[in-house]
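# make a model of this:
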Amino acid sequence: MRRFYLYKRNEIFYCQLFNPITKSVLPAKSTGKQNRYDAELVVMTWLVNGIPQGHSRSLKAPEEVFSIERTLEQLKALELNSCDARRIMNLLRRRGLVGPVSVKNVGCQ
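Numbering: from 1, shown residues only. Below you'll find the predicted structure:
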């Protein structure tokens, strides 16, 4: 399986990285390049130095990005109740990632 796929959209090459953990591709990211060779260099740099994240373009190691995607896929597949949601939100709040959150009290003992 290839490590990534390139395609052109409006004269710019976009990349979809292959996630070896989930065996799926990540959402497309713009390389900002109009030349295929230059776009491939950008993607190879991402795989070595880190993948840009969001508008800040901060870099995150590919292994971490792939693990986060795996976790999100697992969460989508789980049957969660409000107790589970509360535990997840409490974890995120303790890490300073979210503020106060209201979770419905349905099916929670």
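
# next, R9: phi, psi?
phi -140, psi 120 (degrees, to the nearest 10).

# please read the previous query as pertaining to L6.
Here is the backbone geometry of L6 (degrees, to the nearest 10): phi -110, psi 140.

# tell me the pLDDT at it?
L6 is assigned 96 on the pLDDT scale.

# please report how far it lies from A39.
Distance of L6 to A39, given as CB to CB, to the nearest Å: 6 Å. For glycine as for every other residue, the C-beta is placed from the backbone atoms N, C-alpha and C.

# over to K8?
According to CB to CB, K8 and A39 sit 9 Å apart.

# ends of stretch 69-88, what's the gap?
16 Å (CA to CA, to the nearest Å).

# to clarify, my last question referred to stretch 91-99.
End-to-end distance for stretch 91-99, by CA to CA: 11 Å.

# in the longest helix that the chain contains, which residues are buried?
Assignment by DSSP state H gives helix 62-77 as the longest helix of the chain. For helix 62-77, the neighbour count (16 or more other CB atoms under 10 Å) marks P62, V65, F66, E69 as buried.

# the third one against I21, yeah?
Read that as F66. Yes: using CB atoms under 8 Å, F66 makes contact with I21 at a distance of 4.7 Å.

# picking up where we left off before, the next helix or strand after the longest helix of the chain vs helix 62-77, what angle?
Moving toward the C-terminus from helix 62-77, the next helix or strand (DSSP states H and E) is helix 82-94. If you take axes from the mean of the first three to the mean of the last three CA atoms, to 10 degrees, helix 82-94 sits at 150 degrees to helix 62-77.

# chain center to helix 82-94, what's the gap?
Offset of helix 82-94 from its chain centre (CA atoms, centre = their mean, to the nearest Å): 20 Å.

# and it, which residues are buried?
Neighbour-count burial for helix 82-94 flags A85, M89 (criterion: 16+ other CB under 10 Å).
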